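Peer 1: here is my input, please return the structure:
(one chain, ligands or ions: 1)
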Amino acid sequence: MNIVQVKQLKKAYGANQVLQGIDFTAQAGEIIGVIGKNGAGKSTFLEIVMTLKPYDEGTVSVLNQEVRTLSAQQLVEMRMQIAVVLQPTQFYKSLKVVELLKLFKAYYQSTVNIEKIITDFKLQPYRKKYFDKLSGGWKQIVSLAIAFLSEPKMLILDEPTTGLDPHMRNMLWMYITDYNKRTGGTVILTTHNMDEVELYCDKVLLINNGVSEVFSKTKQILDDGYSSINDFYLSKVSG
Ligand SMILES: Nc1ncnc2c1ncn2[C@@H]1O[C@H](COP(=O)(O)OP(=O)(O)OP(=O)(O)O)[C@@H](O)[C@H]1O
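Peer 2: Have a look, this model is predicted:
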């Protein structure tokens, strides 16, 4: 089943034509890394797929529905099936971790047991801590825990491991891959860390000069002779 299907997607900000023809599909259960240099349009692409940003041309289907044809109510229903982890915002400032989990459980009308989430994510020592007092790594882990409350069909993460130390990074990836295996949920993420792409992603979308220059299985890229995904990236993208 196609979870996302994008054809010839174009998006400009004024005169800045950022996306000039992106083709992409995500199937159920895939983990896909979106890569490209700073300013390539990765976040723009993710925001369009998560139905937050309008686009100029092309088609974008999410969960087998073309986004542009949906009513406001249908969009709300679609968004309930998608979980998004962006960079943590000030929005959470005045709430403790356990309060945040309760708030989002109510918001998502989730049946997930909060105590299980707290145990699974090793959040016991932090449950009464204010979100904005946590380190960047624990903010990311809490954000992921919140995302899982909605039991999403698709998880979208914008640079989830940026700034995390190696242990936190491993922990975050353990949760992501566990979610993927347990539920068959699809994961789409952006990252500048090519080792993570090589280790964890089934497929790679390289956005370069506004187009989907490469959209391929990670294994295929390595079978094609690149010694690593880092080597592939450096060969394909000029500095
Ligand atoms: N809301 C906006 N209004 C105008 N221009 C924008 C807006 N958002 C992004 N841009 C521009 O679009 C281009 C692509 O930005 P985007 O954040 O999508 O790239 P990115 O690949 O995610 O970059 P990075 O790796 O640095 O996070 C950049 O030139 C950026 O300045």
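Peer 1: on the three-state scheme, residue 24 is what?
Peer 2: Judged by DSSP: H, G, I helix; E, B strand; the rest coil, the three-state class of residue 24 is strand.
Peer 1: report how many residues lie close to it.
Peer 2: Counted with other CB atoms under 10 Å, residues neighbouring residue 24 total 20. No exception for glycine: its C-beta is placed from N, CA and C like everyone else's.
Peer 1: ok, now which ones touch it?
Peer 2: Contacts for residue 24 (CB atoms under 8 Å, 6 or more residues apart in numbering) come out as 4, 5, 6, 9, 45, 205, 212, 215.
Peer 1: what residues are bridge-paired with it?
Peer 2: residue 6 (DSSP bridges).
Peer 1: could I get the contacts of residue 24 in TSV, plus columns for distance to residue 163, secondary structure and neighbour count?
Peer 2: Putting these into TSV (distance: CB to CB, whole Å; DSSP: H, G, I helix; E, B strand; the rest coil; neighbours: other CB atoms under 10 Å) gives the following:
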residue	distance to residue 163	secondary structure	neighbour count
4	27	strand	23
5	32	strand	16
6	29	strand	24
9	29	strand	25
45	22	helix	27
205	23	strand	25
212	27	strand	21
215	28	strand	17
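Peer 1: would you list those in JSON lines and tack on distance to residue 147?
Peer 2: As requested, the contacts of residue 24 are exported to JSON lines (distance: CB to CB, whole Å):
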{"residue": "4", "distance to residue 147": "17"}
{"residue": "5", "distance to residue 147": "23"}
{"residue": "6", "distance to residue 147": "22"}
{"residue": "9", "distance to residue 147": "24"}
{"residue": "45", "distance to residue 147": "19"}
{"residue": "205", "distance to residue 147": "21"}
{"residue": "212", "distance to residue 147": "26"}
{"residue": "215", "distance to residue 147": "25"}
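Peer 1: so which of the residues you listed reach the ligand?
Peer 2: With CB under 6 Å from any ligand atom as the criterion, no member of these is in contact with the ligand.
Peer 1: and of those, the nearest to the ligand?
Peer 2: The ligand lies nearest to residue 45 out of the contacts of residue 24, by CB to the nearest ligand atom, at 6.8 Å.
Peer 1: can you list the residues of this structure near the ligand?
Peer 2: Applying CB under 6 Å from any ligand atom, one finds that the chain approaches the ligand through 13, 16, 18, 36, 38, 39, 40, 41, 42, 43, 44.
Peer 1: can you tell me, leaving aside adjacent residues, what's nearest to the last one?
Peer 2: Sequence neighbours aside, residue 18 is the residue nearest to residue 44 in space, at 5.4 Å (criterion: CB to CB, 6 or more residues apart in numbering).
Peer 1: can you report how many residues lie near that neighbour?
Peer 2: 19.
Peer 1: C-terminal to the helix or strand where it lies, what's the next element?
Peer 2: Using DSSP states H and E, the element containing residue 18 is strand 16-27. For strand 16-27, the succeeding helix or strand toward the C-terminus, using DSSP H and E, is strand 31-35.
Peer 1: which residues in the protein form strands?
Peer 2: Secondary structure of the chain by DSSP state E: the strands cover 2-13, 16-27, 31-35, 57-62, 65-66, 82-85, 154-158, 186-190, 203-208, 211-217.
Peer 1: ok so, going back, thought the residue nearest to residue 44 was touching residue 9?
Peer 2: No: the criterion here is CB atoms under 8 Å, and residue 18 misses it with residue 9 at 10.3 Å.
Peer 1: do I have it right that residue 213 meets residue 232?
Peer 2: No: assessed by CB under 8 Å, residue 213 is found out of contact with residue 232, at 11.0 Å.
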